[in-house]
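Visitor: Need coordinates for the below:
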Amino acid sequence: MSERKYRQRGYQDEDNQRPQRRPGPPRGARPGPRGRGLGKPTANVFRCAVCGAKQPTRDVKLTSQCKKCGADLHTCTHCTHFDTSARWQCRQPIEQPVKGKAKRNECSLFVPKTTQEFARDARRPPSGSSNDARAAFDALFKI
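Guide: Residues are numbered from 1 along each chain as shown. Sure, this is the predicted structure:
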């Protein structure tokens, strides 16, 4: 009687009957990480935290207000250093907390918070009718 519980072929074979795989050629260098929009042109944009309207970045002064909603722009919520998890909600060392994070203040450490967005492609034609899409699809399979 066999020592094994199952006598089927292939179960715990010790004869090494399986063919050995040959190692393939070395893989080439993999390209770097690819993400959504990697390599596309981007632009730094300063937006109002209240309404989201684009604002000129270099013109943020103490009295600056949003052109769309009239909210103050020289506030903690519009600053790069604003962080809700930091002490007094500011990453910079400040001596006392600023009251009213959404109200105008005279903080000397204020830096406008900018974000990178995809730049609009001026070369892209405006979207046309469904016939244009159909014509482009048909052009793919022309012989």
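Visitor: Check what contacts stretch 104-111 and list those residues.
Guide: Stretch 104-111 has contacts (Cβ atoms under 8 Å, 6 or more residues apart in numbering) with 60, 62-63, 72, 74-76, 79-81, 90, 92, 94, 98. The way it works is simple: take the backbone N, C-alpha and C, and place the C-beta from them, glycine included.
Visitor: Mind checking which of those are buried?
Guide: Among these, those classed as buried by 16 or more other Cβ atoms under 10 Å are 60, 72, 74-76, 79, 81, 90, 92, 94, 98.
Visitor: Can you pull out the low-pLDDT segments for the protein?
Guide: 1-7, 9-19, 33-34, 37-39, 120-130, 143 (pLDDT under 70).
Visitor: repeat that for 50
Guide: 122-123 (pLDDT under 50).
Visitor: just the strands in this protein please.
Guide: Along the chain, the segments classed as strands by DSSP state E run 42-47, 54-55, 114-118.
Visitor: just the ones you listed: most buried one?
Guide: Among the strands of the chain, strand 54-55 has the highest mean neighbour count (mean count of other Cβ atoms under 10 Å), at a mean of 16.
Visitor: So which other helices or strands are in contact with that one?
Guide: strand 42-47 (3 or more Cβ pairs under 8 Å, 6 or more residues apart in numbering; DSSP states H and E).
Visitor: Ramachandran coordinates for the closest residue to residue 90 other than its chain neighbours?
Guide: With sequence-adjacent residues excluded and distances taken as Cβ to Cβ, 6 or more residues apart in numbering, residue 90 is closest to residue 81, at 5.3 Å. Main-chain torsions, residue 81, degrees, to the nearest 10: phi -80, psi 0.
Visitor: what sits against residue 81?
Guide: Neighbours of residue 81 in contact, by Cβ under 8 Å, 6+ apart: 90-92, 109-111.
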